[in-house]
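**Student:** Need a 3D model of the following:
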Amino acid sequence: MKQQQPFFPESDNDPSLTEKLEEGLLPLINVVFLLLLFFLIVGIVLQDQLPALPDTANGRDERRPDMDLVVEADGNLRFEGSPIERSALGEKLPEYDESDRLRLGVDEQLSMSELESLFQTLDEAGHPQVILLTDPGQ
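**Tutor:** Here you go, the predicted model:
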């Protein structure tokens, strides 16, 4: 039986498979390293400084926003400080303006069903959207 010859002749000068693999990986490692350096340098050069925020005495703004319509815990309404009946809202409230919506302050004790009823009344009075002001928690 005749012995088959190898496709690649063996020689002492031929590098092993491991050496060939290492030679192929070195350029890839160099490229990855250069990309890493590039992004590190660009990140340092283009780093924007955040603007300094103004200092406040206690970190909170204690001013309360102006409220157009106030709903008290018992359901009584006040429009610009004067008591108003729910039925008179359509007559007393100004025309609806998208850029200057009605600001509504509601007592925390008011139930959700009463608030939904008020929203319905305001919608019928021509104010489909209002700004609901809340009191931030302590």
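**Student:** longest helix of the chain?
**Tutor:** helix 17-45 (DSSP state H).
**Student:** other SSEs contacting it?
**Tutor:** Packing partners of helix 17-45 (3 or more CB pairs under 8 Å, 6 or more residues apart in numbering; DSSP states H and E): none among the helices and strands. To be clear about C-beta, it is placed using only N, CA and C from the backbone, and glycine gets the same treatment.
**Student:** quick check, distance from it to the centre of its chain.
**Tutor:** Remark: helix 17-45 is offset 37 Å from the chain centroid, using CA atoms, centre = their mean, to the nearest Å.
**Student:** and if you look at stretch 36-53?
**Tutor:** Here the centre of stretch 36-53 is set off from its chain's centre by 23 Å, with CA atoms, centre = their mean.
**Student:** do the same with stretch 41-59
**Tutor:** Using CA atoms, centre = their mean, the offset of stretch 41-59 from its chain centre is 19 Å.
**Student:** what pLDDT, on average, does it get?
**Tutor:** On average, the pLDDT along stretch 41-59 is 74.
**Student:** residues in contact with that stretch?
**Tutor:** Residues outside stretch 41-59 that contact it (CB atoms under 8 Å, 6 or more residues apart in numbering): none.
**Student:** What ranges does the protein have for its helices?
**Tutor:** 17-45, 89-92, 112-124.
**Student:** The second one - contacts with which helices or strands?
**Tutor:** It stands for helix 89-92. Counting contacts by 3+ CB pairs under 8 Å, 6+ apart, helix 89-92 packs against strand 77-79, helix 112-124.
**Student:** how about it: buried residues?
**Tutor:** residue 89 (16 or more other CB atoms under 10 Å).
**Student:** just stretch 110-124 next, same as before
**Tutor:** Buried residues in stretch 110-124, counted by 16+ other CB under 10 Å: 118, 119, 122.
**Student:** Nearest to residue 68 among those?
**Tutor:** Among these, residue 122 lies closest to residue 68 (CB to CB), at 10.9 Å.
**Student:** Quick check: that closest one touching residue 102?
**Tutor:** Yes. In terms of CB atoms under 8 Å, residue 122 counts as a neighbour of residue 102; the distance is 7.1 Å.
**Student:** list residues touching both of those two?
**Tutor:** Shared contacts of residue 122 and residue 102 (CB under 8 Å, 6+ apart): 93, 130.
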